[in-house]
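Asks: Structure here, sequence nowhere to be found:
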Ligand SMILES: [Mg+2]
Ligand SMILES: [Mg+2]
Ligand SMILES: [Mg+2]
Ligand SMILES: [Mg+2]
Ligand SMILES: [Mg+2]
Ligand SMILES: [Mg+2]
Ligand SMILES: [Mg+2]
Ligand SMILES: [Mg+2]
Ligand SMILES: [Mg+2]
Ligand SMILES: [Mg+2]
Ligand SMILES: [Mg+2]
Ligand SMILES: [Mg+2]
Ligand SMILES: [Mg+2]
Ligand SMILES: [Mg+2]
Ligand SMILES: [Mg+2]
Ligand SMILES: [Mg+2]
Ligand SMILES: [Mg+2]
Ligand SMILES: [Mg+2]
Ligand SMILES: [Mg+2]
Ligand SMILES: [Mg+2]
Ligand SMILES: [Mg+2]
Ligand SMILES: [Mg+2]
Ligand SMILES: [Mg+2]
Ligand SMILES: [Mg+2]
Ligand SMILES: [Mg+2]
Ligand SMILES: [Mg+2]
Ligand SMILES: [Mg+2]
Ligand SMILES: [Mg+2]
Ligand SMILES: [Mg+2]
Ligand SMILES: [Mg+2]
Ligand SMILES: [Mg+2]
């Protein structure tokens, strides 16, 4: 069997992307060897609003962001595409410590919260589900909450989960317009966490499909699929688990940047992230049960086949012996000249296996 | 074998509902995609009582509930059927924060407790055992404890676990009539948790039946049953585990809504919920032991069969060889002309296997 | 094979009591469905003592216990047989809160400690080892420690572990006579925990016997025995684990009922209960190792058998072929007329298997 | 096969001491049934020293120890051989509480620390490695630290780990001579813990030897050896794990008996005991990997054998059929009279298996 | 098969270094048996710098280091090669407590932090990846932070991870030149931890390669490789896990040696060490999945082979029987004289197996 057919036969072609996927999931950030490529294109949007007014526009360069500082309005500066020079420039103006800038520039960073020199810094990953490769994709986002401003750094200009905020900023009566920068920060984290559920629901659908398959077909490809899906659950857990600490860090923070009345909102996110984490654990349990069931099914069916083969081979053996007995060339063999000798011998060849079958059945050997 | 018979053969028909059951158990609440359907019918009951008097009646609309606020009596408003407009309306009047209203409106919410702006909010699930589908069903209930009032929101008007309270409210001497809203809240939680035991007892009965089956029949269907039951235990645990935090949150709460003398009652519930949780853990252990036993039994019986087949085949082999030897067409074969040659040959065919059997037996190969 | 012989064959008859034993172990206490049957017979003993004097006698009814309250002596009232009316009557007089009375009346209650309205309440199980059924039996005991009194409620009049106390109370110089009610309570808990070791030692003996069996005989019945014993360990752990919290609750208690000088005694019990718990964990580890060893032995022996069968069958095959070759009816078959043809053929039938055996041996296939 | 040879065959003779070893490891201390035998011989040594002077001598009876109390020097009294009367006598004089005396007299006691009425009490086990039985032996030692004295109780006069102290006491400049009783106590604990490493190193050597064996020989005896060694690791862990709490108890103690300047010494032991504990965990991990490797090797080799047997048997089958075909007695069988018929038939018997072999090889069935 | 070929055959040659590698990983430090060999060669470098000036030079002996004490500059003394006399000499001068010196001199020490008599002491391991043996190598480094000095002790002069510091010290504007000794200490720890990622990335590459192999080839050698790699992960975890406590100890330290403004830097290392630890856990998970996949693949392929062999053998059996029937020597055998008898018999030999194959196929026995 050629290699490609072989891989398909055992479902191993499903793993073709596996090692590179492993590389993606385990992508680490040794800061001594810079790993992030500079973004080719950077897009900067600024929303400057108070309850009275709101302006939102794209800026053409990083220097234009400087004017929003301490202008009395809440400002949300969203930067899509990460470039060291930009991060350093805006960081210098808005008081983002070099260590935080290093975090913003890193890749594959673990979600974290920090409270350094008057700004609160949250780094986590937005998750998306890729319907084509069936993988969980992540985009790192850094949120800097300062006095009357929020600056967010994203990797990819083509997508994020913040459109509902952009909508709400247009309406004077929306809560986000009526409250400060901490509420804006809450809204962003809330949307990120809510979106985890969207991704998890897709994975849940995959689990259900797979369960269906384990039950119905027991193909050789099933374990491969289970393991591929378990890898995505690992990716999911790796991204979600540390966000619990992030949110609980916000809950326990005593920074002046967080108004006491915002605490209950962070508590709400906390409930959701805990539930999301428990769900990933339950998913894992589920996959283990499926693996057990798959292996049991494979074994039951293999047993089935081997048992029948063994029984058939065994039932034929007496007939072979009888044939051998009367095929011997002795001069004196009883019944050889008997007219019905042949029929008696063949009869025995039929009767003995039937009698054996009866014994086997009585012993319950066909009931396993 | 056609697909349906095949599924039955391996007991996999038991799984037919499995994937949709998985969907039910893992039902999540992405608040950005509204998941709850508005209730078609809403029923509202209000009990307004003090030690002196007690009135209980069904109200025709949500506005009628407003009058009970701060009327000096304890009021229990129970709303069956959840509709956003109702929740917002009563929430506005009784001071239920929009975040709590969002929780009330969510589905598949993790049990939680909150203390927001002067009300204590408990959300958990009432559990019922469905005797037909053998599943654990849950109904989400939100309990809002405020100054002299308890408001409860249920999903399903046709059932709950509170009938004992309705009975006790009729008797002036009952404890619930003599104490405040916090004791009413305690009584509700107590009944919910007590009912977990009713459900667990049913599951316990199923476990016992299954254990009986594992011991006696070792059918191919048994693992399927074990896994289906394990999924129900997962559903149970998912609902019970967070209630421990809920009750311990009440125990540690310093809210004025909870009289110090009520603490010992919550401690009592706490004991029960801890025991309930440990019981689910024990059930799980039990199921694992059963799975071990089942797999061992399958293997022992399969070994049994294969061994006999192999032995029979092996014992027949010398006879076949002897038959072959004297069936050869050489001119000079000793004993061919001997009158007893045939009997000697057949005798060997019988004696050699018996001798082999003796050796096998001596080596203990039939004792495994 | 008939069902009974089948069960015996695989050792499954050992499980005959298993499901009902499961029911016993998992017996739960839904307080909304009363589970305890009223005791038919109740026996009440009262010991009233100080350093100077000690009287011990059986009382004829519950009312006689009232007189001991605040009479200046330490009183131990031991009630064997639990009846709701008695518990309520004595509870009313001695200040036992209705919630505690509910606990006393419950069955299968998790060991717990409570400090309610001036009494310390301990509920736990005395364990006995039943030498006939090889099971761990439990008897629930509730100990109420109040000002100068201890009241204990037991289920079964025929046995308990307190005889050493009854002995010591007779001697004026005994420590229990020289100290207060808290020391009496300590002595009772100490005896209960000491007795856990007696039970564990019996289980330890069973483990050793079973280990001996796993090593020596590898009967089909062994796994059944392992699993039955594991269930007893589960019962043991379920009873012992929560007692750690009970004793540590006493250690941390700041109740006036516990003299500071008694703390070191409770610390002593604490050491023992921790060790008892770790021992049950070690027992469990041991059982897992045994299960591994058993399964490995079964496999080694099955491999042994199957290998010999396969080898014998395989060694016979060439002889069969040779017999077939010279049994063919071609006109021209070389050596058929050779005088030694037959002996050469039979020689080959012997030599070829021996040569094959040599190869097999060289490859180490008999050494696994 | 007779029982003894059978045990040897599967390496089960290695387990001959297993159940009694289990008894030793799980030896428990039910104080209500006295388990310790009185020592036949007791040896008492006293070292009385200050920076200026040091006297060390054997005492002839327990009463001689009384004189060292509060004589201004530091005194180390070491008692080898435990007898209730001695323990009570010295305990009375030096203020050792009866509960502590009970601990000294118990067997198989869990390592513990206590601070009772002005003395600090440490109980733990010295470990030795028995090179003959390959077991971890333990000797219980109780160390009582009081004001200017240390009393140690050992079980076995023939060995302990304190010789380095005896040496150092001879030198005036040694640290132990310059500091108080707490430093002496530290030195004793340090030596006990250091000696755990000596034992662990021996076990480490055994693990390496076993690993070598698993890799090279895959004998049937290997699993037995793995399990025997795992039992020793259990014994090790059981003795080491609680010592962590013991040392951390000393670190956190606020007793006046411990000078602040000694804390850093106990911190040093703490580091070592933590590392010792982690090492036992790593050993365990290692053993699990070995067990996996062993089972995999057994399976690979069994598969190897069974595959060859099945292949040989299968390859012979066509030859048997061909022989049968031309051995039939029909009047009209083609080629029977052909001069080369026989050679063609035999040729087929050779060619068909070769062709089959080619197919099997192409499918990669010999590469597993 | 000779031993060497046998080892290669099963991939066990990969383990040839395994037991000695085990010895390396489990190398312990019983301080009572000195394990470290004195370094043959010692190299001492001293960097003495302030913001204004920086001098860096190699010293010829340990005495030359004394002059840097309290000279107003920050001094970094790096000692490559550990010799007891040197450690004691410099320790005496710079106030390193004898217990810390013992730690410096020990081998295989667990990473730790200590704050003894005015110096902060960090001991951990630098890790390197050996590309030839595919092993994780470690070099113990002790860092002593005192007032205005850092002293580091390394084992191996030929390598460390500090070159970036040596570079930065040359530039007056570098942060390390502008801040104190605590920042120097931070920089060293940061580089050590960053380097863990370099090592982990190499191991990650190995995991990917192995995953590729598990998927594609399923050779007998694969499990060996998995287990060898798991041992390296154990070595990695053993070195990384305790560093979390080390860094968190620095974070929580209230020593005056650590300026408050340096805390955020240690927090940054803390984030990285936590992520590094989680990554090792993820690697482990990954290896377990691979092991599952490998075993499943082996089983599937073995099943494949055995099934075909059994089926072929079974299909041949009827032909053998038919041949035997018509090979019997009865006088009266029907159809023997029929012209087409032979063809009918051979036809049956072909038709029956085909019919059997059809049944097997219909039952899905070739689809597992
Ligand atoms: Mg850095
Ligand atoms: Mg960073
Ligand atoms: Mg990463
Ligand atoms: Mg990422
Ligand atoms: Mg984006
Ligand atoms: Mg949300
Ligand atoms: Mg929301
Ligand atoms: Mg919510
Ligand atoms: Mg849910
Ligand atoms: Mg629900
Ligand atoms: Mg309802
Ligand atoms: Mg209750
Ligand atoms: Mg109740
Ligand atoms: Mg098998
Ligand atoms: Mg019940
Ligand atoms: Mg209760
Ligand atoms: Mg119970
Ligand atoms: Mg009980
Ligand atoms: Mg009793
Ligand atoms: Mg005791
Ligand atoms: Mg006692
Ligand atoms: Mg004790
Ligand atoms: Mg011991
Ligand atoms: Mg000794
Ligand atoms: Mg030491
Ligand atoms: Mg030392
Ligand atoms: Mg040290
Ligand atoms: Mg080490
Ligand atoms: Mg090292
Ligand atoms: Mg170096
Ligand atoms: Mg770094």
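Replies: Received it, and whenever you're ready, just let me know what you need. Only a predicted model underlies this, so the values are computations on that prediction, with no experimental measurement involved. Ligands and ions are numbered 1, 2, ... in the order given.
Asks: from here on, contacts and neighbour counts on C-alpha atoms
Replies: Noted.
Asks: Select the helix or strand of chain A having the lowest average pLDDT value.
Replies: Averaged element by element with mean pLDDT, DSSP states H and E, chain A has its least confident helix or strand at helix A:3-9 (a mean of 60).
Asks: Tell me where the stretch 151-300 of chain A is predicted with low confidence.
Replies: Per-residue confidence for the stretch 151-300 of chain A (pLDDT under 70) gives these ranges: A:217-218.
Asks: which residues touch stretch A:307-327?
Replies: Stretch A:307-327 is contacted from outside by A:333, A:336, A:345-346, A:348-350, A:352-353, A:356-357, B:305-306, B:309-310, B:312-313, B:316-317, B:319-320, B:322-324, B:327, B:346, E:310-311, E:313-314, E:317-318, E:320-321, E:324-325, E:327-330, using CA atoms under 8 Å, 6 or more residues apart in numbering or on different chains.
Asks: Check which residues of stretch A:179-196 are buried.
Replies: A:180-196 (16 or more other CA atoms under 10 Å in any protein chain shown).
Asks: next one: stretch A:151-162
Replies: For stretch A:151-162, the neighbour count (16+ other CA under 10 Å) marks A:151, A:152, A:153, A:154, A:155, A:156, A:160, A:161 as buried.
Asks: Only the buried subset of the contacts of stretch A:307-327, as a PyMOL command please.
Replies: To isolate the buried ones among the contacts of stretch A:307-327 in PyMOL, judged by 16+ other CA under 10 Å, type:
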select buried, (chain A and resi 333+336+345+349+353+357) or (chain B and resi 305+306+309+310+312+313+316+317+319+320+322+323+324+327+346) or (chain E and resi 310+311+313+314+317+318+320+321+324+325+327+328+329+330)
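Asks: In helices only, show me the contacts of stretch A:307-327.
Replies: The helices, defined by DSSP state H, take in A:345-346, A:348-350, A:352-353, A:356-357, B:305-306, B:309-310, B:312-313, B:316-317, B:319-320, B:322-324, B:327, B:346, E:310-311, E:313-314, E:317-318, E:320-321, E:324-325 from the contacts of stretch A:307-327.
Asks: Tell me the helix or strand right after the least confident helix or strand of chain A.
Replies: Following helix A:3-9 in sequence order, the next helix or strand is helix A:18-25 (DSSP states H and E).
Asks: neighbouring strands for the helix or strand just after that following helix, and are they parallel or not?
Replies: Note on helix A:18-25: by DSSP H and E, the next helix or strand toward the C-terminus is strand A:43-49. Next to strand A:43-49 in the sheet, as set by DSSP bridges, lie strand A:54-59 (antiparallel), strand A:74-80 (antiparallel).
Asks: tell me which residues in the shortest one are buried?
Replies: Going back to what we said before, that points to strand A:54-59. Using 16+ other CA under 10 Å as the test for burial, strand A:54-59 gives A:54, A:56.
Asks: can you check the last one too?
Replies: Applying a neighbour-count criterion of 16+ other CA under 10 Å, the buried positions in strand A:74-80 are A:74, A:75, A:76, A:77, A:78, A:79, A:80.
Asks: what's in contact with it?
Replies: Under CA under 8 Å, 6+ apart, the answer for strand A:74-80 is A:42-50, A:65, A:68, A:148-157, A:180-181.
Asks: Next: stretch A:54-70.
Replies: Under CA under 8 Å, 6+ apart, the answer for stretch A:54-70 is A:43-49, A:75, A:77, A:86, A:89-90, A:93-94, A:147-149, A:169-170.
Asks: Return a selection command, for use in ChimeraX, containing the buried ones of the residues you listed.
Replies: Applying 16+ other CA under 10 Å to the contacts of stretch A:54-70, the buried members can be selected in ChimeraX as follows:
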select /A:43,44,45,46,47,48,49,75,77,86,90,94,147,148,149,169,170
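Asks: For the stretch 1-150 of chain A, which residues score under the pLDDT cut-off?
Replies: Scanning the stretch 1-150 of chain A for pLDDT under 70 picks out the ranges A:1-17, A:28-35.
Asks: ok, back up a step: so which of the buried residues of strand A:74-80 are also by ligand 12?
Replies: By CA under 5 Å from the ion, no member of those lies near ligand 12.
Asks: nearest to residue C:115, of these?
Replies: residue A:74 (53.8 Å; CA to CA).
Asks: what about the closest residue to the closest one other than its chain neighbours, distance to ligand 3?
Replies: Leaving aside its chain neighbours, residue A:74 sits nearest to residue A:148 (4.7 Å; criterion: CA to CA, 6 or more residues apart in numbering or on different chains). Going from residue A:148 to ligand 3 by CA to the ion, to the nearest Å gives 32 Å.
Asks: now do residue A:280
Replies: 18 Å.
Asks: quick one: what helix or strand has that residue in it?
Replies: Assigning secondary structure by DSSP H and E places residue A:280 in helix A:263-327.
Asks: chain center to that helix, what's the gap?
Replies: Offset of helix A:263-327 from its chain centre (CA atoms, centre = their mean, to the nearest Å): 23 Å.
Asks: Check stretch A:237-256 too.
Replies: 21 Å.
Asks: Kindly indicate whether the residue most central in space within chain A is helix, strand or coil.
Replies: The centroid of chain A falls nearest to residue A:232 when counting by CA atoms, centre = their mean (2.8 Å). Following DSSP: H, G, I helix; E, B strand; the rest coil, the label given to residue A:232 is helix.
Asks: so it sits right up against residue A:138, yeah?
Replies: No. If you go by CA atoms under 8 Å, residue A:232 and residue A:138 don't touch, sitting 11.5 Å apart.
Asks: tell me the domain ranges of chain A?
Replies: Using automatic domain parsing, the domain parsing of chain A gives A:3-296, A:303-362.
Asks: any bit of the longest one sitting next to ligand 5?
Replies: Yes. Judged by CA under 5 Å from the ion, domain A:3-296 comes into contact with ligand 5 at A:154, A:156, A:157, A:159, A:160.
Asks: if I read this right, the first one contacts residue A:142, doesn't it?
Replies: Yes. Counting by CA under 8 Å, a contact exists between residue A:154 and residue A:142, whose distance comes to 6.8 Å.
Asks: buried ones in stretch A:248-259?
Replies: For stretch A:248-259, by 16+ other CA under 10 Å, it's A:249, A:250, A:251, A:257, A:258.
Asks: Could you dump these into TSV and include secondary structure and distance to residue A:238?
Replies: Output for these, formatted as TSV (DSSP: H, G, I helix; E, B strand; the rest coil; distance: CA to CA, whole Å):
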residue	secondary structure	distance to residue A:238
A:249	helix	18
A:250	helix	20
A:251	helix	22
A:257	coil	29
A:258	coil	27
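Asks: Between helix E:263-326 and the helix or strand hosting residue A:99, find me the angle.
Replies: Under the criterion of DSSP H and E, residue A:99 resides in helix A:98-105. Inter-element angle recorded for helix A:98-105 and helix E:263-326: 30 degrees (by axes from the mean of the first three to the mean of the last three CA atoms, to 10 degrees).
Asks: contacting residues around helix A:98-105?
Replies: Counting by CA under 8 Å, 6+ apart, A:36, A:82-84, A:87-88, A:91, A:109, A:121, A:123, A:141-142, A:153, E:265, E:268 sit against helix A:98-105.
Asks: Make a ChimeraX selection of the buried ones in those residues.
Replies: Selection of buried members from the contacts of helix A:98-105 for ChimeraX, criterion 16+ other CA under 10 Å:
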select /A:82,83,87,88,91,109,121,123,141,142,153 /E:268
